[in-house]
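Enquirer: okay, sequence plus prediction incoming.
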Amino acid sequence: MFYSIKNPAERRYVIRMWIMAALCVLFSLVAALVFRLSHPHNVVAYLVGVLPALPIIGALVYTGIYLAEETDEFQRNLLVQSLLGGTGGILAVITAWGYLEDFARAPHLDLIWVYPLFWLFAGISYVLVRARYR
Amino acid sequence: MKNRLRVLRAERDWSQADLAHRLEVSRQSVNAIETGKFDPSLPLAFKLARLFETTIEAIFSDEN
């Protein structure tokens, strides 16, 4: 599966992202199980609660490492523009939603959605940026 | 930026994929440079010049 990706930097990136995704699922299950069985408090609750976020932070770090490792400057440029689109998109939506929650009593948006929404906007940006170079 | 990549490539009967392989970049990169939608960095421009045994100015032109 991974061997079909010819670009070594891209192959490493995809493998690392899959590992981080698997760890995120595993850590989420562990955290849920710990909270259900032992009801931790104080520092332990914070440590266990933050566990699923660690692979997500790892994925962001690996994205930065990929940008440093990618030797194809055009591909690097595509990803940078997509990430900027993703960052701008999520900042705009979260800010607008914050005001909607405050003034218009819009339903509360859990912060846990920020990360997947960031990648959703980055993905949309990638498609748009890619189309510009066709 | 205008360039003569398509002509230089055609003279050698290279496809975009051939050139991309020689430059160690993706075919999409070659296409973006060739169509003038992406300007290569100075190191990549030098690499292209060396590959075609010419100067950067003979490949790229900043005239509209």
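Expert: Done, it's in.
Enquirer: where does chain B dip in pLDDT?
Expert: Chain B contains residues with pLDDT under 70 at B:64.
Enquirer: make it 80
Expert: Along chain B, the parts satisfying pLDDT under 80 run over B:63-64.
Enquirer: that one against chain A: which residues are in contact?
Expert: Counting by Cβ under 8 Å from any Cβ of the partner chain, chain B comes close to chain A at B:24-26, B:28-29, B:31-33, B:35, B:37-38, B:40-41, B:44. All C-beta spots, glycine's among them, are computed from the backbone N, C-alpha and C.
Enquirer: turn the buried ones among those into a named PyMOL selection, would you?
Expert: Applying 16 or more other Cβ atoms under 10 Å in any protein chain shown to the residues of chain B next to chain A, the buried members can be selected in PyMOL as follows:
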select buried, chain B and resi 25+26+28+29+31+32+33+38+40+44
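Enquirer: from the residues of chain B next to chain A, pick the one nearest chain A.
Expert: Here the nearest of those to chain A, counting by Cβ to the nearest Cβ, is residue B:29; it sits at 3.6 Å.
Enquirer: which helix or strand contains that closest one?
Expert: Under DSSP states H and E, the secondary-structure element containing residue B:29 is helix B:27-34.
Enquirer: coming back round to it: how about JSON lines for the residues of chain B next to chain A, with distance to residue A:97 added?
Expert: Output for the residues of chain B next to chain A, formatted as JSON lines (distance: Cβ to Cβ, whole Å):
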{"residue": "B:24", "distance to residue A:97": "44"}
{"residue": "B:25", "distance to residue A:97": "40"}
{"residue": "B:26", "distance to residue A:97": "37"}
{"residue": "B:28", "distance to residue A:97": "35"}
{"residue": "B:29", "distance to residue A:97": "38"}
{"residue": "B:31", "distance to residue A:97": "39"}
{"residue": "B:32", "distance to residue A:97": "36"}
{"residue": "B:33", "distance to residue A:97": "40"}
{"residue": "B:35", "distance to residue A:97": "39"}
{"residue": "B:37", "distance to residue A:97": "35"}
{"residue": "B:38", "distance to residue A:97": "35"}
{"residue": "B:40", "distance to residue A:97": "40"}
{"residue": "B:41", "distance to residue A:97": "39"}
{"residue": "B:44", "distance to residue A:97": "42"}
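Enquirer: quick check, nearest of the residues of chain B next to chain A to residue A:24?
Expert: Comparing the residues of chain B next to chain A against residue A:24 with Cβ to Cβ places residue B:26 closest, at 29.3 Å.
Enquirer: for that closest one, which non-adjacent residue is closest in space?
Expert: Across the structure, with Cβ to Cβ, 6 or more residues apart in numbering or on different chains as the measure, the residue nearest residue B:26 apart from its sequence neighbours is residue A:72 (5.4 Å).
Enquirer: isn't the one you found right up against residue B:29?
Expert: Yes - taking contact to mean Cβ atoms under 8 Å, the distance of 5.6 Å between residue A:72 and residue B:29 places them in contact.
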